[in-house]
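*Asks:* Provide a 3D model corresponding to the input given below.
(2 chains)
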Amino acid sequence: MKVKDIKKLLDAQIEDKTPPLDDKVLRAPINAHGDISHSSGDNNTVNFPRRRYGAAAWVSAVACIAVVVVLVSVLGAYFTRQKKLDGTVDKSQTVCYIVDINPSIVVTADAKGKVIALSSGNSDGDVVLSADELAKCKGRDAEECIEKILEQAAKLGYIDCNSRDNKVTLNVVGGEVDSTTEKLADGLQDYLRRLNVYAYVDTAAVSVKEFAQSRGWEYAGENLDKYMSDIQREGRFVLGEAKGFIGDFQNEVESYIENYCRGLKAKKEILESLGEKLDVLSDTCDVNYWVYKAVEDTLLAPSLSSQAKALIDECDRLTAQLKNLGIEISNTVEFTYYLSKYAIIDSLYEFVDNVSEYIYNSEFFGLFNSIIEESDKDKFSLLESNIRKYYDEVVSVLAEQFDRRTADYADIFDGRAEISDKDYADFLASVR
Amino acid sequence: MRDEGLLDELLCRVSCGDEEAFERLYRETSKQVFAYLLSVVGEYHTAEDLTQDTFVKIRRSADKYRSGNAFAWIMQIAKNTAFSEMKKARRSVPTDFDEHDLNAAYRIDEGQIPVLEIIRTRLDAADSKIVLMHLAAGLKHREIAKQLDMPLGTTLWRYNKAIKTLQKIIKEEYGE
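*Replies:* Residues are numbered from 1 along each chain as shown, chains lettered A, B, ... in the order given. From the prediction side, this is the model:
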């Protein structure tokens, strides 16, 4: 019996045993906050302090002839795509749609066409994504989301409403241009027409590799493919050894990557904790911690309530911890900078998860499950060295991404007394 | 496959007091929650009670939910519920299943292969947990490894081994 048949039977038997929704549950009150809008921007794990800047007044419409929209129908993100042993990709496992706009915007959607993520690849993309309506796209239809992106692009002048020469290209990445894509393109064209915007919506296909390269993943991706093919070419290994090895290896990779991220994670957690305290101090005691610290030993220092004193002590403790970790902060701008800088850890973890998923679900396991011959013992060292090289590269890519992305925005804040909303938006978008 | 977008939307609606969304959320996730709790506590009746407790807690904590990782959030509540129950009952994670509970609580259609029972009673206790968590509760191997404090590789190999054992039992005893 196949695993999927076992699962089917198991699901039915579990369903039979699952208790129905009864009054005991329904009688419990729902603690509702009554405002659905909060949910689109927040996250269960990342707590940014509240922004205290005014409304964005920095956006200037920039005329631009062409907007390129790339619809990516990849089988999961680049690293999560799942290959079968014969090298084809199993579409049933992870299907997602990514829309990339140049100005670069990537919209990722799930198998049902619901948007699960939005991100940008350049500053023009950030400008488009800064629109409030786009912040609520998560969970909605990809088509609806792309319409809003185009509408926003038109509003901001990336599509010239007075021109008839605009061009929108809808590319399918990792797949072919099929009837669904054509239908989507037609729908978008109609939508633009209804907005009195004239643009030709074209369709094309982009390979996953090209897409990955455009996202800066080519280094790991190419090597990964190479090692995968090396391993495949070398064929089978001794079952007992391989089993023992793969267990150790995965454990080792986990620790290696965990160790790499641990330091960053610790800093992020302390920064977030400090952010919460700063907010409480400011909201309930009306004291700005940084201002207070600047005048603490002078006659200008205000008298503090016991609550404020306790909070300031707590902030002192956290800032001292950060100092020990090499982060010295003396004002709000610096604090925001570091907080945002270390928010990148979430994307690193996401990247690590993707890589790990790829390893655990790819040919490695298929190959190990197909090990049958004792005579392949001597080939095992090659596999080991290939895997080790691979995971060294994974970590080097992590380091490279972190350095590159932090270096991109490091100078935004240097030597400035204050930052504009645009700077801040660019900066946040670049680290998220 | 988990529909994170849907669960996220439902939870956000529940956090605004939407009863209809809660009922849908229950339909979408109660099976996985029950399977997970069954894998942890090993008894049907306790797992049923804890499933209801979990959803009561979801209602009470709905306002604390923030968009993202809806399934993980629900499973975290299920996990906390299970562990606080076990702490309360001063018992550790059972290594074997309750014979009485098994006989009293489960009946299957004649002719149907009792996969759930085979998993619970014929597999090694840890293997049984891993199979239920992965196959029925929908947890990823990484999540299971973390929960069971076990290296990921070990989890994966135990899962593969357990599935092969399961297939062998079904073939030998039921001819399929």
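*Asks:* Grab the nearest non-local neighbour of the residue in the stretch 51-200 of chain A that chain B sits nearest to.
*Replies:* Residue nearest to chain B within the stretch 51-200 of chain A: A:Lys114 (3.9 Å; CB to the nearest CB). Yep, even glycine has a C-beta here, placed from its N, CA and C like the rest. Nearest residue to A:Lys114, sequence neighbours excluded (CB to CB, 6 or more residues apart in numbering or on different chains): B:Gly5, at 3.9 Å.
*Asks:* what's the helix or strand for the one you found?
*Replies:* Assessed by DSSP states H and E, B:Gly5 sits inside helix B:4-14.
*Asks:* Kindly report the same for A:Tyr292.
*Replies:* helix A:289-295.
*Asks:* what's the model's confidence in that helix, averaged?
*Replies:* In this model, helix A:289-295 has a mean pLDDT of 87.
*Asks:* next helix or strand past the worst-scoring helix or strand of chain B on mean pLDDT?
*Replies:* Counting by mean pLDDT, DSSP states H and E, chain B has its least confident helix or strand at helix B:99-105, which shows a mean of 41. Under the assignment DSSP H and E, the closest C-terminal helix or strand after helix B:99-105 is helix B:115-122.
*Asks:* domain ranges for chain B?
*Replies:* B:4-88, B:108-174 (automatic domain parsing).
*Asks:* In the one helix or strand A:Asp11 maps to, which of the residues would be classed as buried?
*Replies:* Using DSSP H and E, the element containing A:Asp11 is helix A:3-17. Neighbour-count burial for helix A:3-17 flags A:Ile6, A:Leu9, A:Leu10, A:Asp11, A:Gln13, A:Ile14, A:Lys17 (criterion: 16 or more other CB atoms under 10 Å in any protein chain shown).
*Asks:* Name the nearest residue to the last one, ignoring sequence neighbours.
*Replies:* Right, A:Lys17. Nearest to A:Lys17 is B:Tyr44, by CB to CB, 6+ apart, at 6.2 Å.
*Asks:* and that neighbour, how many neighbours?
*Replies:* 22 (other CB atoms under 10 Å in any protein chain shown).
*Asks:* swap in A:Pro302?
*Replies:* For A:Pro302, the tally of surrounding residues (other CB under 10 Å) stands at 13.
*Asks:* what's the answer for B:Thr81, then?
*Replies:* Neighbour number of B:Thr81 under other CB under 10 Å is 24.
*Asks:* Check the gap between it and chain A for me.
*Replies:* Applying CB to the nearest CB, to the nearest Å, the value for B:Thr81 to chain A is 13 Å.
*Asks:* Does anything pack onto the helix or strand harbouring that residue? Which helices or strands?
*Replies:* Here B:Thr81 sits within helix B:70-88, counting by DSSP H and E. In terms of contacts (3 or more CB pairs under 8 Å, 6 or more residues apart in numbering or on different chains; DSSP states H and E), helix B:70-88 is packed against helix B:4-14, helix B:19-41, helix B:44-61, helix B:141-148.
*Asks:* Restrict that helix to CA atoms and write it as CSV.
*Replies:* Written as CSV, here are the backbone C-alpha positions of helix B:70-88 (Å, rounded to 0.1, in the frame of the first residue of the first chain):
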residue,chain,number,x,y,z
ALA,B,70,-1.2,30.6,11.6
PHE,B,71,-0.7,26.8,11.7
ALA,B,72,2.3,27.1,13.9
TRP,B,73,0.4,29.4,16.3
ILE,B,74,-2.4,26.9,16.6
MET,B,75,-0.1,24.0,17.1
GLN,B,76,1.8,26.0,19.8
ILE,B,77,-1.4,26.4,21.7
ALA,B,78,-2.1,22.7,21.3
LYS,B,79,1.4,21.9,22.5
ASN,B,80,1.1,24.2,25.5
THR,B,81,-2.3,22.7,26.3
ALA,B,82,-1.0,19.2,26.2
PHE,B,83,2.0,19.8,28.2
SER,B,84,0.2,21.8,30.9
GLU,B,85,-2.3,18.9,31.1
MET,B,86,0.5,16.4,31.5
LYS,B,87,2.1,18.5,34.1
LYS,B,88,-1.2,18.8,35.9
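*Asks:* So for that helix, what gets flagged as buried?
*Replies:* B:70-75, B:77-79, B:81-82, B:85-86.
*Asks:* what do you get for stretch A:332-344?
*Replies:* Here stretch A:332-344 shows A:Thr332, A:Val333, A:Phe335, A:Thr336, A:Tyr337, A:Tyr338, A:Leu339, A:Ser340, A:Lys341, A:Tyr342, A:Ala343, A:Ile344 as buried, counting by 16+ other CB under 10 Å.
*Asks:* count of neighbours near the closest residue to the first one other than its chain neighbours?
*Replies:* The shortest distance from A:Thr332 to any residue that is not its chain neighbour, by CB to CB, 6+ apart, is 5.9 Å, and that residue is A:Trp290. The number of residues packed near A:Trp290 is 17, by other CB under 10 Å.
*Asks:* got any ranges where chain B has weak pLDDT?
*Replies:* B:1-3, B:66-68, B:87-111, B:151-153, B:157 (pLDDT under 70).
*Asks:* The stretch 201-350 of chain A now?
*Replies:* A:206-261, A:343-350.
*Asks:* Give me the three-state assignment for A:Ala205.
*Replies:* strand (DSSP: H, G, I helix; E, B strand; the rest coil).
*Asks:* was I right about A:Ile149 contacting A:Leu134?
*Replies:* Yes. Counting by CB atoms under 8 Å, A:Ile149 does reach A:Leu134; the two are 6.7 Å apart.
*Asks:* Those two: who's more crowded?
*Replies:* A:Ile149 (27 against 20).
*Asks:* export the strand or helix carrying the more buried one as PDB, just CAs?
*Replies:* In this assignment (DSSP H and E), A:Ile149 forms part of helix A:142-155. C-alpha atoms of helix A:142-155 as PDB (Å, rounded to 0.1, in the frame of the first residue of the first chain):
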ATOM      1  CA  ALA A 142      -2.900  37.300  -7.000                       C
ATOM      2  CA  GLU A 143      -4.800  38.900  -9.900                       C
ATOM      3  CA  GLU A 144      -6.300  41.400  -7.600                       C
ATOM      4  CA  CYS A 145      -2.900  42.100  -6.100                       C
ATOM      5  CA  ILE A 146      -1.300  42.600  -9.500                       C
ATOM      6  CA  GLU A 147      -4.100  45.000 -10.400                       C
ATOM      7  CA  LYS A 148      -3.400  47.100  -7.400                       C
ATOM      8  CA  ILE A 149       0.300  47.100  -8.100                       C
ATOM      9  CA  LEU A 150      -0.300  48.300 -11.700                       C
ATOM     10  CA  GLU A 151      -2.800  50.900 -10.400                       C
ATOM     11  CA  GLN A 152      -0.200  52.100  -7.900                       C
ATOM     12  CA  ALA A 153       2.500  52.100 -10.600                       C
ATOM     13  CA  ALA A 154       0.200  54.200 -12.800                       C
ATOM     14  CA  LYS A 155      -0.600  56.600  -9.900                       C
END
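*Asks:* Can you lay out the helices and strands packed on helix B:70-88 as TSV showing distance to B:Val131?
*Replies:* Shown next, in TSV, are these (distance: least, CB to CB, whole Å):
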stretch	distance to B:Val131
helix B:4-14	23
helix B:19-41	8
helix B:44-61	15
helix B:141-148	10
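*Asks:* Let me see the contact set for the closest residue in space to A:Leu281 that isn't next to it in sequence.
*Replies:* Leaving aside its sequence neighbours, A:Leu281 sits nearest to A:Leu311 (CB to CB, 6+ apart; 4.4 Å). Taking CB atoms under 8 Å, 6 or more residues apart in numbering or on different chains, we find A:Leu311 in contact with A:Lys277, A:Val280, A:Leu281, A:Cys285, A:Val287, A:Tyr289.
*Asks:* A:Leu311: which element?
*Replies:* Here A:Leu311 is assigned to helix A:306-324, by DSSP H and E.
*Asks:* Please name the nearest non-neighbouring residue to the spatially most central residue of chain B.
*Replies:* Central residue of chain B (CA atoms, centre = their mean): B:Tyr36, 1.2 Å from the mean position. Here the nearest residue to B:Tyr36 in space, its sequence neighbours aside, is B:Ala137; by CB to CB, 6+ apart that works out to 3.8 Å.
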